[in-house]
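Q: return a 3D structure for these sequence lines:
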Amino acid sequence: MKQTALLLALLGSLLCLKAQSYVGTITVGSYTQRNVKVQLDVATEREQCPSKGASTPKGCATMTIFNVKFSYMMPVKLDVVIPSLTLSGTHLTGNNITPLSNGKRYDKYLVRNLVGTADGRHLTFSCLMGKKRLTFNGTRTLRKARTE
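A: Below is the predicted model of the structure:
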């Protein structure tokens, strides 16, 4: 899990991504988990969104949900990456996206009809992940300035 976070941080710095972190509550069906961290990495240049086309005014984003379970029955928590999202203004969308975890694709849990908003202070979204409805509602975390 630490390797995934390190890899995302490295990729973010290489691609000039703007990362925004949020902490909130995720609900999947009847299961709820609080204090879930979600990071939204937003490309800052159109050239970084080749799948969207360089002429589109929409940006692309990658969402990482850290240390999450999707049911009471899950024995471990995972870091889940949802790539290829579209961010237009504050509107976040995505459809038919295969999530990743530990470098593996999880086709069975295809992300469909993801809609949400990311306004710089709050992140909310909902989608179908596999056959279950997933919702998240969180508030942006502010990083403390380092002191030397």
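
Q: quick one, helices of this structure?
A: Using DSSP state H, the helices assigned to the chain run over residues 2-14.

Q: low-confidence ranges in it?
A: 1-17, 44-58, 143-148 (pLDDT under 70).

Q: where's stretch 100-117 relative to the chain centroid, distance-wise?
A: Stretch 100-117 sits 9 Å away from the centroid of its parent chain (CA atoms, centre = their mean, to the nearest Å).

Q: my guess is Thr64 contacts Pro83, does it?
A: No: in this structure Thr64 lies outside contact range of Pro83 using CB atoms under 8 Å: 9.5 Å. C-betas here are computed from N, CA, C, even on glycine.

Q: in terms of packing, which of those two has more residues around it?
A: For Thr64 versus Pro83, the count of surrounding residues by other CB atoms under 10 Å is larger for Thr64: 22 against 17.

Q: could you find the closest non-adjacent residue to the more buried one?
A: Nearest non-adjacent residue to Thr64, counting by CB to CB, 6 or more residues apart in numbering: Gln39, 4.6 Å away.

Q: the one you found pairs with what?
A: Judged by DSSP bridges, the bridge partners of Gln39 are Ser21, Thr64.

Q: any idea how far Gly29 is from it?
A: 24 Å (CB to CB, to the nearest Å).

Q: neighbour-wise, which of these two wins?
A: Using other CB under 10 Å, the more surrounded residue of Gln39 and Gly29 is Gln39, with 22 against 12.

Q: measure the more buried one to Phe136 for me?
A: Taking CB to CB, one finds Gln39 at 12 Å from Phe136.

Q: same thing with Tyr72?
A: 18 Å.

Q: now do Asn102
A: For Asn102, the distance to Phe136 - CB to CB - is 21 Å.

Q: so which of the two has more stuff around it?
A: Legend: neighbour count by other CB under 10 Å for Asn102 and Phe136, higher for Phe136 (22 against 12).

Q: what about Asn137, distance to Met73?
A: According to CB to CB, Asn137 and Met73 sit 23 Å apart.

Q: the more surrounded of those two?
A: Applying other CB under 10 Å to Asn137 and Met73 shows that Asn137 carries more neighbours, namely 15 against 7.

Q: one step back: the residue nearest to Thr64 reaches Lys18, doesn't it?
A: No: using CB under 8 Å, Gln39 makes no contact with Lys18, being 10.9 Å away.

Q: no further questions, thank you.
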